[in-house]
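Chemist: Dropping a prediction and its sequence here:
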Amino acid sequence: MKKNNLYIGILTGTSMDSIDCGIYNFKNKKSEIVSFSENIYPLDIKEEINNDLKNIKDQHKYKDSLSHRKLGVHYSEIINNLLNKNNIKKENISAIGMHGQTVSHTKKDNQTISIQIGCPKTLSEKTNIRVVSDFRQDDIENGGEGAPLAPLFHDYVFNKLGAKRAIVNIGGISNISFLTSNNNSLYGFDSGPGNTLIDSWVKDKYNLDYDISGNIAKSHNCIDQLLKNFMMDKYFHAKFPKSTSTEYFSREWLSENLKLLKHNYNDGDVLSTLTNLTAFSIIQGIADNYKNCDEIYVCGGGAFNKTIITEMELAARKRFSKQIILDTTNSLGVNPKTVESGLFAWLAMSRVNNLSLDYTKVTGSNTPKTLGTIYTST
């Protein structure tokens, strides 16, 4: 394979449950996955981040934290192992697209602040491969929200002439991409919570990392009034461009909403309601902004929560006048888990080739521009 076509994407989700890494080949406006690995998040780094979170969230201090460099070193070990496993020489990799670990994405004094740790310079030194990073920061400097970054890549991979498609990525936060077709231009936004509230509730009440396949939620009942209370939040009614984070849809947000309940409900029913919240808010976001949508495909970790998918189907039947296709990206030949690492490999490819990216209708950026800073070992 030609050097210019091989790129690596590596990232960690907001829940710090795994590190995803993939090698991708981009040619003829198509994305091919060469290899992918899902890696356990190192407990020592996770604890170090959580224990030092206040300092790490300071945009002037985070680069001084030990975890910033440690994460860069650990990323390099994952990448080097993946290359060795596949007998791919480092010289055949054009660049690594590194997102890093988001520790903060919020607004302060009407200015978006997005902080990702994981030192790109260290990663380049340890792999001897150039690294492209700081995508969100570049978009923010261009007047954008810094998120979501996925829609342009979703359009690159999943666009089909004449198809009226929406791609939904369900990570900690959910985002929707409305793909280009004959009648619309590309746009998208964060729709609200994805797995974040579900995971935190399951961790607190069941001492589990997540609700496997949504089985616990499936065996309980949604609390309709609580779901209505959730959906009254101003974020769901805000116009796009808009982005949100696990700092907004947090344990504190959930606690405040639960205080409004007049009855005590069991933990399983609250979990069912949170699962419905993810599904309902996504479908509402699509129905309110793309009534002519024919197809919805889901990627990200949430695609494996069967209860979320089922509730999305039920909500779609109520909100759309016609039956629409709703499935995971598996049906399009792409493993839902591999899409996001592909995004950052693609962003690296775009930066290396000086491609101008138009996020004006996604993040609200001022003009199309190249995104990302290139780091080298020298």
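Modeler: Thanks, I have it. Residues are numbered from 1 along each chain as shown.
Chemist: can we go C-alpha only for contacts and neighbour counts from here?
Modeler: Noted.
Chemist: In contact with Lys63, which residues?
Modeler: 56, 69, 117, 119 (Cα atoms under 8 Å, 6 or more residues apart in numbering).
Chemist: Look up how far Asn266 lies from the last one.
Modeler: Note on Cys119: its distance to Asn266, by Cα to Cα, to the nearest Å, is 43 Å.
Chemist: out of the two, which sits in the more crowded spot?
Modeler: The neighbour comparison of Cys119 against Asn266 (other Cα atoms under 10 Å) goes to Cys119, with 23 against 10.
Chemist: do you know how far that one is from Met98?
Modeler: Distance from Cys119 to Met98, by Cα to Cα: 9 Å.
Chemist: what's Ile33 in contact with, if anything?
Modeler: 22-25, 342.
Chemist: for it, phi and psi?
Modeler: phi -90, psi 130 (degrees, to the nearest 10).
Chemist: returning to what we had before: what about the contacts of Ile33, which are in strands?
Modeler: Of the contacts of Ile33, the ones assigned to strands by DSSP state E are 22-25.
Chemist: list the contacts for the residue positioned nearest the centre of the chain?
Modeler: The centre of the chain sits closest to Gly171, judged by Cα atoms, centre = their mean, with a distance of 4.9 Å. Contact partners of Gly171, counting by Cα under 8 Å, 6+ apart, are 13-14, 194-196, 300-302.
Chemist: What of Ile129?
Modeler: With Cα under 8 Å, 6+ apart, Ile129 has these contacts: 90-91, 93-96, 376-377.
Chemist: and with 7 Å instead?
Modeler: Residues in contact with Ile129 (Cα atoms under 7 Å, 6 or more residues apart in numbering) are 90, 95, 376.
Chemist: Give me the distance between Phe249 and Thr328.
Modeler: Phe249 sits 24 Å away from Thr328 when distances are taken as Cα to Cα.
Chemist: Which residue of those two possesses the greater neighbour count?
Modeler: Neighbour totals were compared for Phe249 and Thr328, and Thr328 leads with 23 against 18 (other Cα under 10 Å).
Chemist: The more buried one and Gly300 touch, don't they?
Modeler: No. Counting by Cα atoms under 7 Å, Thr328 does not reach Gly300; the two are 9.2 Å apart.
Chemist: any shared contact partners between those two?
Modeler: Jointly contacting Thr328 and Gly300 under the rule Cα under 7 Å, 6+ apart are Pro336.
Chemist: so where do the strands sit in the stretch 251-378 of the chain?
Modeler: Applying DSSP state E, counting those that start in this stretch to the stretch 251-378 of the chain gives strands spanning 295-299, 325-328, 373-375.
Chemist: ranking those by burial, who's on top?
Modeler: strand 295-299 (a mean of 22; mean count of other Cα atoms under 10 Å).
Chemist: That one packs against which elements?
Modeler: Helices and strands touching strand 295-299, by 3 or more Cα pairs under 7 Å, 6 or more residues apart in numbering; DSSP states H and E, are strand 165-170, strand 325-328.
Chemist: Tabulate those (CSV), appending distance to Val34 and mean pLDDT.
Modeler: CSV is the format used below for those (distance: least, Cα to Cα, whole Å; pLDDT from 0 to 100):
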stretch, distance to Val34, mean pLDDT
strand 165-170, 21, 97
strand 325-328, 21, 98
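Chemist: Out of the ones you listed, which is closest to Ile283?
Modeler: Closest to Ile283 of the helices and strands packed on strand 295-299 is strand 165-170 (Cα to Cα; 9.8 Å).
Chemist: Tell me the gap between that closest one and the middle of its chain.
Modeler: In terms of Cα atoms, centre = their mean, to the nearest Å, the centre of strand 165-170 is found 11 Å from the chain centre.
Chemist: Just give me the longest helix of the protein.
Modeler: helix 267-289 (DSSP state H).
Chemist: who's in contact with that one?
Modeler: Contacts to helix 267-289, defined as Cα under 7 Å, 6+ apart, come from residues 191-194, 197-198, 201, 205, 216-218, 220-223, 227, 308, 311-312, 315-316, 319-320.
Chemist: Now the buried members of these.
Modeler: 191-194, 197-198, 201, 216-218, 220, 222-223, 227, 308, 311-312, 315-316, 319-320 (16 or more other Cα atoms under 10 Å).
Chemist: Which of those residues fall in helices?
Modeler: If you go by DSSP H, the buried ones among the contacts of helix 267-289 have 197-198, 201, 216-218, 227, 308, 311-312, 315-316, 319 in helices.
Chemist: and which of the residues you listed is nearest Leu6?
Modeler: Leu6 lies nearest to Ile308 out of these, by Cα to Cα, at 34.3 Å.
Chemist: Setting the sequence-adjacent residues aside, check what's closest to the closest one.
Modeler: In this structure, Ile308 finds its nearest non-sequential neighbour in Ala279, 5.6 Å apart by Cα to Cα, 6 or more residues apart in numbering.
Chemist: Count the neighbours of that neighbour for me.
Modeler: Ala279, neighbours per other Cα under 10 Å, totals 27.
Chemist: Check it and give its pLDDT.
Modeler: As predicted, Ala279 sits at a pLDDT of 98.
Chemist: That one and Gly13: what is the separation?
Modeler: In terms of Cα to Cα, Ala279 sits 19 Å off from Gly13.
Chemist: Could you do Asn215 as well?
Modeler: 22 Å.
Chemist: okay, those two: which has more neighbours?
Modeler: Using other Cα under 10 Å as the criterion, Asn215 and Gly13 rank with Gly13 on top: 19 against 13.
Chemist: so who does the more buried one touch?
Modeler: Gly13 is in contact with 101, 172, counting by Cα under 7 Å, 6+ apart.
Chemist: Please report the distance of Met16 from Ala147.
Modeler: 18 Å.
Chemist: Tell me where the stretch 51-200 of the chain has helices.
Modeler: In the stretch 51-200 of the chain, the segments counted as helices under DSSP state H, counting those that start in this stretch are 53-56, 66-85, 120-127, 135-141, 150-158, 196-206.
Chemist: Thanks a lot, see you next time.
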